[in-house]
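**Student:** could you look at this predicted model? Sequence included:
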Amino acid sequence: MDYVTAPALYLAARRAGLQGPPLRWANVFVALILLAVTTTRTPLGVVRVVPFQWHGRAELASVAVQFALPWLAGFARERRARSFFLAFATYNFLVWWATDWEAEG
């Protein structure tokens with residue numbers, strides 16, 4: 001999923017018209033997603049050093065950050081950016097929830 005999510009997030013942020021800090025934060029998450037998926041011990045991992053369960057814990061922590069980010073980063077009054085990150089966090093939470101994090105990578 002992450003190999004699809006990263007480019008989709010990159011494109012969606014631009015399609016949504018994000019600019020300034022919200023766009024920079026979206027780019028940070030694109031990079032973090034790619035870093036996580038390429039370093040996790042899964043068949044599609046490139047440098048398999050991160051246990052799959054740790055990836056899941058980091059994913060859940062990132063969901064919390066994504067939900068809070070509009071307020072933490074000061075762009076909560078920008079409706080489009082706030083909605084974008086709340087939708088992104090919801091999507092990531094649903095993916096996290098649907099994933100068997102106890103499975104072997």
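**Tutor:** On my side now, so go ahead. Residues are numbered from 1 along each chain as shown.

**Student:** got any ranges where the chain has weak pLDDT?
**Tutor:** Counting by pLDDT under 70, the chain contains low-confidence ranges at 104-105.

**Student:** distance from the chain centre to stretch 1-17, please.
**Tutor:** Relative to its chain's centre, stretch 1-17 lies at 10 Å (C-alpha atoms, centre = their mean, to the nearest Å).

**Student:** ignore what I typed, I meant stretch 89-105.
**Tutor:** Here the centre of mass of C-alpha atoms in stretch 89-105, compared against the chain's by C-alpha atoms, centre = their mean, lies 12 Å away.

**Student:** stretch 36-51 too?
**Tutor:** For stretch 36-51, the separation from the chain centroid amounts to 16 Å (computed by C-alpha atoms, centre = their mean).

**Student:** cool, stretch 25-41 as well?
**Tutor:** Put simply, stretch 25-41 sits 7 Å off its chain's centre (C-alpha atoms, centre = their mean).

**Student:** for it, which positions count as buried?
**Tutor:** Along stretch 25-41, these residues count as buried under the neighbour rule (16 or more other C-beta atoms under 10 Å): 25-26, 29-30, 32-34, 36-41. For every residue, glycine as well, the C-beta is placed using N, CA and C.

**Student:** what does that stretch rub up against?
**Tutor:** By C-beta atoms under 8 Å, 6 or more residues apart in numbering, the list of residues contacting stretch 25-41 from outside reads 2-3, 5-7, 9-10, 13, 18, 44-52, 54-55, 58-59, 62, 66, 69, 73, 84-85, 88, 105.

**Student:** output it as CSV, restricted to C-alpha atoms.
**Tutor:** Coordinates of each C-alpha in stretch 25-41 appear next as CSV, following Å, rounded to 0.1, in the frame of the first residue of the first chain:
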residue,chain,number,x,y,z
TRP,A,25,4.5,18.8,5.5
ALA,A,26,2.9,16.6,2.8
ASN,A,27,6.3,16.2,1.2
VAL,A,28,7.8,15.2,4.5
PHE,A,29,5.2,12.5,4.8
VAL,A,30,5.9,11.3,1.3
ALA,A,31,9.6,10.9,2.2
LEU,A,32,8.8,9.2,5.5
ILE,A,33,6.4,6.8,3.8
LEU,A,34,9.1,5.9,1.3
LEU,A,35,11.7,5.6,4.0
ALA,A,36,9.5,3.3,6.0
VAL,A,37,8.4,1.0,3.2
THR,A,38,11.9,0.6,1.8
THR,A,39,13.5,-0.2,5.2
THR,A,40,10.8,-2.6,6.6
ARG,A,41,11.3,-6.3,6.6
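
**Student:** cool, thanks, talk later.
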